[in-house]
Every structure is written in C-alpha cells, then in structure tokens.
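# With the sequence up front, the predicted model follows.
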Amino acid sequence: MPELPEVETVVTELNAVTKGAKITSSETLTQKIRIPVPPELDLSLKNKVILHVTRRAKYILIHLDGDKILVIHLGMSGRIHIHEADKKTATQKHDHLILHLSNGKDVFFNDPRRFGLIELIDEEKINSHRLFSHLGPEPLSRNFSPSFLAGALKSRKGPVKVALMDQCLVVGVGNIYASEALFEAGIHPETSAQKLTIQKIEKLTAAIKAVLKSAIKAGGSTLKDYRKTNGDLGYFQHKFAVYDRAGKACRGCVCDIAKTGGVQKITQGGRSTFYCPRKQL
C-alpha cells in the first residue's frame with residue numbers, strides 16, 4: 001500500500017503539473033471501486049480549476065474552485081500517471097478516472113485491486129467528513145511531538161509497532177516506515193507501548209520524522225505496484241535497514257549473522273514486522 005512518502009511524492013508531482021489548470025472534461029471509466037464513484041462526478045468536475053494539491057494522511061486532496069475538494073485514496077495498488085494529451089495515450093486496464101486538463105495533460109487514476117477511493121467533498125466539510133474526522137496528527141507536523149506521543153501511548157498495553165499503525169494515533173507511518181523507525185530508535189517492535197520511557201519516546205519521535213523525510217527525498221519505496229506519476233520507481237527500498245531483509249544483516253550492521261540469525265521477521269496485526277535482535281532490545 002502506498003504510504004505517506006509515496007503519497008507525498010505524488011502530491012508534489014501533481015502540483016507541478018496541474019496547479020492552475022482547468023479540468024476541461026473527465027471520464028469515469030468504472031464506478032465499481034471500494035466506494036462507488038458518484039454518477040454525477042464527471043459533470044461536477046467539468047470546467048473546475050485546480051487551485052493546488054495537498055495531502056492528509058494517505059489521501060490526495062485536489063482543491064478546486066467553487067470550494068470543492070476531489071479526494072483520491074490509492075488503496076492497496078493504486079497509482080496516478082500523467083501523460084501528454086496529444087500523444088493519445090491508450091487507456092490501460094484498471095484505469096478508473098481520467099482528468100483532461102486545459103494545459104494539455106491527462107491525469108489517470110489506475111487501481112488494479114479497486115481498494116482505492118474517489119470522492120468530491122465540500123471544502124468546509126472536509127475535517128468533519130467520515131474519512132477525516134477520526135485521523136490523528138501528521139507525523140511531520142509540530143503537533144506530533146514527544147509529549148503528544150507519550151500521552152497517546154500511556155494507555156496502550158499492546159506492542160508499540162501496532163500502535164504506530166493506528167491512524168487515530170498518527171497518520172501515514174505505515175508498515176514499512178514503522179519497522180524502519182523502530183530500528184533507528186533501537187526499540188523492539190513487541191515492546192509494550194505504555195512501557196516506553198520518555199527517552200525512548202523522544203528517540204522514536206525523531207526517528208519517525210527522519211525516516212519519513214528520507215523516504216520522501218528518495219521518492220518513496222517501490223516494492224510492487226507503486227510508481228511515480230511519470231512511471232519511475234521510488235528509490236527508498238534500496239535504503240531499507242531492516243524491512244524485507246529477513247535473514248540478512250541490517251544495513252550498515254557489523255553483527256555476526258551466524259550468531260544473531262540476521263534480521264528477524266514476525267507478524268503483528270496481520271502485517272510483517274522486521275527488526276534486528278541485537279540493536280532492538
């Protein structure tokens with residue numbers, strides 16, 4: 001699933017291409033995704049100007065004139081690809097929406113597994129909307145601080161890795177970056193969240209921010225489906241310290257894997273977790 005760095009990369013690229021352009025027309029190619037696309041969407045989008053594009057959690061928010069926001073969630077396998085309209089790019093299998101823009105660009109939303117989402121929302125209702133009202137703070141914001149995280153974790157008896165996956169606590173960290181941040185902070189993923197000391201929480205807060213910033217700079221991580229809007233792969237997967245490295249040494253490690261067994265893989269909350277048994281105690 002595309003996580004915060006991947007979505008942030010897409011948002012940055014969308015802003016560069018679509019800001020100020022008018023949606024001259026759109027094509028809803030199928031309404032059958034996780035939440036059915038409103039049948040009136042194409043009519044509602046016609047001649048709307050894209051003011052700018054932002055991100056909230058793992059949602060793409062395309063701000064339109066008329067105080068509307070087109071919300072897109074990439075789901076498990078979705079991606080945005082952008083092409084020149086005059087090249088008449090053939091529609092790909094699993095393309096669900098095409099935005100034809102006044103600047104000669106076509107923006108495609110493609111989602112093979114159909115867990116994505118497309119919804120048009122009134123701007124004034126966005127924070128109270130069912131998709132957003134329950135969300136925790138952005139991990140790269142000032143609101144996500146050691147004092148906030150300490151308060152949020154003090155009543156959580158479960159593993160800290162599972163807590164970090166809760167979008168009500170903090171948004172967008174996701175499975176890959178939770179494993180990577182816990183490694184950077186030297187915290188075992190099965191540690192009870194409420195038992196973390198303030199020193200460990202300070203390290204974890206800093207590690208989450210550092211890992212996410214590094215991943216954004218690298219254009220996100222491509223493991224299977226994710227691509228940038230021009231089709232290029234993300235690069236951060238080449239920098240993983242522990243994620244998807246079971247049985248191998250953690251990156252930059254001097255451990256003797258014959259003794260430690262290398263990076264360990266466990267399952268938490270139905271998701272794979274990776275950690276170094278020597279560095280994460």
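Looks like it arrived, so ask away. Residues are numbered from 1 along each chain as shown.
# List of residues touching the helix-or-strand element of the chain with minimal mean pLDDT?
Using mean pLDDT, DSSP states H and E, the weakest-scoring helix or strand in the chain turns out to be helix 257-260, at a mean of 86. Helix 257-260 is contacted from outside by 247-249, 276-278, using CB atoms under 8 Å, 6 or more residues apart in numbering. Glycine gets a C-beta too; all of them are placed from N, C-alpha and C.
# and if you look at stretch 114-129?
By CB under 8 Å, 6+ apart, the list of residues contacting stretch 114-129 from outside reads 32-35, 37-38, 41, 44-45, 56, 61, 63, 67-78, 94, 96-97, 109, 131-133.
# How about stretch 74-83?
The set of residues external to stretch 74-83 that reach it, using CB under 8 Å, 6+ apart, is 1-2, 6-7, 10, 13-14, 17, 33-34, 58, 60, 72, 89, 105-117, 224-227, 229-231.
# For the helix or strand that contains Lys265, buried residues please.
Using DSSP states H and E, the secondary-structure element containing Lys265 is strand 264-268. When burial is assessed from 16 or more other CB atoms under 10 Å, strand 264-268 yields the following buried residues: 264-265, 268.
# Rebuild those as a markdown table, extending it with distance to Ala215 and pLDDT.
Compiled in a markdown table, the buried residues of strand 264-268 are given as follows (distance: CB to CB, whole Å; pLDDT from 0 to 100):
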| residue | distance to Ala215 | pLDDT |
| --- | --- | --- |
| Gln264 | 22 | 97 |
| Lys265 | 20 | 98 |
| Gln268 | 21 | 98 |
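# List just the nearest of those residues to Lys217.
Lowest distance from Lys217 to the buried residues of strand 264-268 (CB to CB) belongs to Lys265, with 26.7 Å.
# about what we covered before: let's see the ChimeraX selection covering just the buried ones among the contacts of stretch 114-129.
Only the buried members of these enter the following ChimeraX selection, criterion being 16+ other CB under 10 Å:
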select :33,37,41,45,56,61,63,68,69,70,71,72,73,74,75,77,78,94,96,97,109,131,132
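# Just the ones in helices from the contacts of stretch 114-129, please.
Mapping those onto helices (DSSP state H) picks out 41, 44-45.
# Spit out the contact partners of Val160.
Applying CB under 8 Å, 6+ apart to Val160 gives the contacts 153, 182, 187, 189-193, 196, 204.
# Need the phi and psi values for it.
The phi and psi values for Val160, taken as degrees, to the nearest 10, are phi -60, psi -40.
# got a pLDDT number for it?
Looking at Val160, its pLDDT reads 99.
# likewise Val49?
On the pLDDT scale, Val49 is placed at 99.
# What is the burial count for it?
The burial metric for Val49, expressed as a neighbour count using other CB atoms under 10 Å, is 16.
# pretty sure it contacts Leu64?
Yes. Between Val49 and Leu64 there is a contact under CB atoms under 8 Å: 6.6 Å.
# Mind listing the shared neighbours of these two?
Ile23.
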